[in-house]
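A.B. asks: only the shape, not the letters, is given here:
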Ligand SMILES: Nc1ncnc2c1ncn2[C@@H]1O[C@H](COP(=O)(O)OP(=O)(O)OP(=O)(O)O)[C@@H](O)[C@H]1O
């Protein structure tokens, strides 16, 4: 061990000792706090004198209770604080820090050595910082600069200085195993080591090796919208998660994890990323899929098609007579011009076109839809639309009050009274005794009792109706949405010459679907928007940050909607258009259209062009599959070349795959995915490969990321990665059309270390332009 290393180890020893000592202290403290809490809970009532005899006694009891509750809350808070501190210490017990910078601040003679780790540690005096949190302002220098002049921002302004040295450590079990002076070494050995490892069930934090471009994303706090466009495997999801950890640290006084929401592509992905924040000592943000949100809002009124069924239709139904119309429908309803059309439609409803449901009671129409429409359009038109709706609601409630009065004397009410059970009658009777000043001996007791019972019966019967009116369910949103697709609407929605292609056919198809009680995926958000525009927007102002991963799969329409839904939030959008597999994205090539959401000055864009997931050989191959792929850079990590094997038939294919899985297992791969094009192909492959031990089939409703060997449709593998990918059948028969290129690319880019492509018959023409030498070709 050289002198420098000895000094470093001595520093680490001191840190380890400090951590051990603090753990001991905090453990004892935590135990004591826990006992305090248990004690207060156990004796909560013993220590209280409950006396309600007089008002003063009552007051004293309440004050005593409050005091006890307060004590309990303080003790619980202190216990939580001690417990959190203990978890923080435990987290850094094995690897206290990963980097060091030697920074000489301008205007001082001192060079400070700053060690950086997952969380801060101070010495016993609490005055000296032994380890800085990776999110502290000064730590940004570690990620942002090579040795030389450097600066960082603090709330008090910019601090300038000289970065004299930058070190990376490899620490394990209290020992510095290796240490790299990154101003001297070329390449990034630590990153090499991290990326060379196998994948497992969960994604991990990357704080020790965050790259400069990624750090820009993580620490960006300007503007309302941050757009990140990055190659497959460039760390978009990683950057998003460390960004959340950073935001939670920076705004820790005012922001809670449940005020941040991450929109994920599916539940399996949510489970895959669920460990990163806890690993960094933060609570998880909310995670939601857009589909779950749609179903939550619309599920009761429709069968809402999910995005995977929509995609499966497009992948399988090219021969369907409605295929082109459906595709046009998807693209149109994803566009901002359709967003505009719906807004215009809503405006047009101010003067005509509203459709209401009549108010029916016991099978009779009491107020017809025509009457409601007349009332609505006779209201003061200078009022805002939503106020007019509100006024209409109030009018309807008053009408229901009138109905209540007239119904009281109807014969059905008497019939219902006679049907009341003894218990119900007794209940009413007891209530009457309490609330009214009479008893059985009172004058006209029975008449009064009858009145009360009649009122109760009529109210009970009218209650659901009142509730529906309160919830504005007298507005017929379904028919209003359908009306949007009536021929007569065209001129209201579109300016001359702007009627979209196939508009007429799209209208017929949409109307038919709605009549069957189904809602196409592409209609779900527009439908919800119309509902919100008419009934008032149910926005969520508690959410302060919205992050949208795999953002290329969202339409501009959906972004417009998200913006309205979360008006108080900043938005981070991360995606890769080369992986845009849904049909609505055919017309989008970048996120430029999103700039208009918040305006140029509120929007920042960052591009990530280096891919970290895959070996250089895999990147050299995959970048040839897409236009302008040469711009994607590989991180220099070596591996085997991807291989293409041509086979004569499926029997041979399955034999080869089974042998290949065996080989990959033996070479140390833990996660192996057989990626197929569709759910049907996946099911067939799963059956045929059933002899593979512990083989699992991933379906759209699979909620957990599955380790081991899995069969999965390409669209569900989005966002996740595997040690090895086996592309099930890349023949031209299966991938013979241009619109499948992005799906094909997405599948191949899931591979970290090994990529094996099979083809039954001629391979896809996507492989024609791959340079010789990038792909090992063999015949089976
Ligand atoms: N700075 C880094 N240090 C260590 N690992 C990194 C770094 N950046 C990315 N990675 C690793 O690279 C892999 C890909 O990262 P991630 O999934 O975040 O990329 P992505 O851009 O979201 O990919 P995709 O678009 O293909 O879903 C992950 O294993 C991640 O841990």
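C.D. replies: On my side now, so go ahead. Nothing here was measured: the structure is a model prediction, and the numbers come from that model.

A.B. asks: look at residue 653 and report its pLDDT.
C.D. replies: pLDDT recorded at residue 653 is 96.

A.B. asks: so what's it up against?
C.D. replies: For residue 653, the contact set (C-beta atoms under 8 Å, 6 or more residues apart in numbering) comprises 647, 728, 729, 758, 760, 780. Every residue, glycine included, has its C-beta placed from N, CA and C.

A.B. asks: try 7 Å this time
C.D. replies: 647, 729, 758, 760 (C-beta atoms under 7 Å, 6 or more residues apart in numbering).

A.B. asks: likewise for residue 29?
C.D. replies: Residue 29 touches residue 82, counting by C-beta under 7 Å, 6+ apart.

A.B. asks: for it, give its distance to the ligand.
C.D. replies: 36 Å (C-beta to the nearest ligand atom, to the nearest Å).

A.B. asks: buried ones in the helix or strand harbouring that residue?
C.D. replies: Per DSSP states H and E: residue 29 is located in helix 3-42. Applying a neighbour-count criterion of 16 or more other C-beta atoms under 10 Å, one finds 8-9, 11-12, 15-16, 18-19, 22-23, 26, 29-30, 33, 36-37, 40 buried in helix 3-42.

A.B. asks: domain parsing of the protein, as residue ranges.
C.D. replies: 3-196, 212-301+537-611, 359-471, 633-779 (the TED database).

A.B. asks: what's the end-to-end length of the last one?
C.D. replies: Which is domain 633-779. Domain 633-779 stretches 31 Å from its first residue to its last (C-alpha to C-alpha, to the nearest Å).

A.B. asks: what about that domain and the ligand, any contact?
C.D. replies: Yes: applying C-beta under 6 Å from any ligand atom, one finds domain 633-779 touching the ligand at 719, 721, 749.

A.B. asks: I'd like those as a markdown table, with secondary structure appended.
C.D. replies: What follows is the residues of domain 633-779 next to the ligand, written out as a markdown table (DSSP: H, G, I helix; E, B strand; the rest coil):
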| residue | secondary structure |
| --- | --- |
| 719 | coil |
| 721 | coil |
| 749 | coil |
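
A.B. asks: can you tell me which residues contact residue 564?
C.D. replies: Residue 564 makes contacts with 537, 539, as judged by C-beta under 7 Å, 6+ apart.

A.B. asks: so it sits in a helix?
C.D. replies: Yes: under three-state DSSP, residue 564 sits within a helix.

A.B. asks: can you pull the contacts of the closest residue to the ligand within the stretch 451-600 of the chain?
C.D. replies: Closest residue of the stretch 451-600 of the chain to the ligand, C-beta to the nearest ligand atom: residue 576 (4.8 Å). Applying C-beta under 7 Å, 6+ apart, we find residue 576 in contact with 229, 230, 231, 232, 552.

A.B. asks: from the residues you listed, which is closest to the ligand?
C.D. replies: Nearest to the ligand among these: residue 232, at 3.6 Å, using C-beta to the nearest ligand atom.

A.B. asks: before we move on, the earlier item: which one of the contacts of residue 576 sits closest to residue 608?
C.D. replies: residue 230 (3.2 Å; C-beta to C-beta).

A.B. asks: surely that closest one meets residue 608?
C.D. replies: Yes: the criterion here is C-beta atoms under 7 Å, and residue 230 meets it with residue 608 at 3.2 Å.

A.B. asks: distance between the ends of stretch 40-52?
C.D. replies: Using C-alpha to C-alpha, the distance between the terminal residues of stretch 40-52 is 23 Å.

A.B. asks: repeat that for stretch 671-686.
C.D. replies: Terminal residues of stretch 671-686 are spaced 16 Å apart (C-alpha to C-alpha).

A.B. asks: and that stretch, what's buried?
C.D. replies: Buried residues in stretch 671-686, defined by neighbour count with 16+ other C-beta under 10 Å: 671-679, 681-682, 684-686.

A.B. asks: give me the subset of the residues you listed lying in helices.
C.D. replies: Within the buried residues of stretch 671-686, residues falling in helices by DSSP state H are 679, 681, 682, 684, 685, 686.

A.B. asks: keep the contacts of residue 576, but drop any that are not near the ligand.
C.D. replies: Filtering those for proximity to the ligand by C-beta under 6 Å from any ligand atom leaves 230, 232.

A.B. asks: so which of the contacts of residue 576 wins on neighbours?
C.D. replies: Using other C-beta atoms under 10 Å as the neighbour criterion, residue 231 leads those with 27 neighbours.
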